[in-house]
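Asks: need a structure here:
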Amino acid sequence: MASSGWSVRGCLLAAMSMLAACTGGTPEAQLRQQFDEMQAAVEAGRPGDFIDGVSPAFTGGDGMDRAALHNLLRARALTNTRIGATTGPLDVTVDGDNAEVAFDLLLTAGSGGLLPDQAGTYRVVTAWRQEDGEWRVHHARWERGR
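Replies: Here you go, the predicted structure:
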């Protein structure tokens with residue numbers, strides 16, 4: 001797995017986690033709704049809108065935990081760095097109270113400009129589980145596209 005810094009990790013993780021009320025619909029529909037809301041929050045620079053959707057037991061690449069993710073995202077918001085996160089189709093698999101959401105991601109900055117060091121595509125796989133009646137992401141892994 002390739003990673004190129006905390007900025008990419010934060011953007012990728014932001015692209016897969018946020019708080020959303022899970023009312024009605026199938027588990028797959030709930031996950032897709034959360035994902036859409038998360039993507040909007042990441043592009044608007046609202047770290048508080050997604051961090052509650054991250055499990056307290058979250059783990060990511062290179063040992064990233066929930067606190068590190070939260071700090072990174074707040075720092076990005078404070079510097080007014082706009083991030084675009086364009087995703088391909090979501091591959092959602094639900095198994096009871098657990099789920100996996102996999103997708104391709106293109107990171108951009110500003111009005112379509114690519115991020116200098118982290119530009120490009122990634123394959124992202126996220127693991128979710130039901131916690132207190134809500135879907136929360138508890139693990140993420142990503143690999144830079146070729």
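
Asks: where does this structure dip in pLDDT?
Replies: For the chain, the stretches flagged by pLDDT under 70 are 1-24, 80-83, 109-119, 146.

Asks: how about 50 then?
Replies: Within the chain, the stretches with pLDDT under 50 are 1-4, 17-23, 112-116.

Asks: strands along that one, start to end?
Replies: Secondary structure of the chain (DSSP state E): strands at 54-59, 83-87, 91-95, 98-109, 120-131, 134-144.

Asks: what's the neighbour count on P56?
Replies: 10 (other CB atoms under 10 Å). All C-beta atoms are positioned from the backbone trio N, CA, C, and that covers glycine.

Asks: and the residue lying closest to it once chain neighbours are set aside, what does it touch?
Replies: Distances taken as CB to CB, 6 or more residues apart in numbering place R66 nearest to P56, at 6.0 Å, with adjacent residues excluded. The contact partners of R66, by CB atoms under 8 Å, 6 or more residues apart in numbering, come to 51, 54-58.

Asks: buried ones in the longest helix anywhere in the chain, by neighbour count?
Replies: Scanning the chain for the longest helix, with DSSP state H as the assignment, gives helix 27-44. Buried residues in helix 27-44, counting neighbours by 16 or more other CB atoms under 10 Å, are found at 27, 30-31, 33-35, 37-39, 41-43.

Asks: save the strands of the chain as TSV, and put in distance to L72 too.
Replies: Putting the strands of the chain into TSV (distance: least, CB to CB, whole Å) gives the following:
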stretch	distance to L72
strand 54-59	12
strand 83-87	12
strand 91-95	26
strand 98-109	14
strand 120-131	16
strand 134-144	13
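
Asks: distance of the closest residue to L73 other than its chain neighbours from G25?
Replies: Leaving out its chain neighbours, the residue that sits closest to L73 by CB to CB, 6+ apart is P47, at 3.6 Å. P47 is 26 Å from G25, where distance means CB to CB, to the nearest Å.

Asks: between these two, tell me which one has more neighbours.
Replies: P47 (22 against 11).

Asks: ok now do the more buried one, which residues does it touch?
Replies: By CB under 8 Å, 6+ apart, the contact set of P47 is 14, 41, 70, 73-74, 76-77.

Asks: show the buried residues in those residues.
Replies: 14, 41, 70, 73, 76-77.

Asks: ok, which pair from those residues is furthest apart?
Replies: Farthest pair in these (CB to CB) is A41 and H70. Separation: 13.3 Å.
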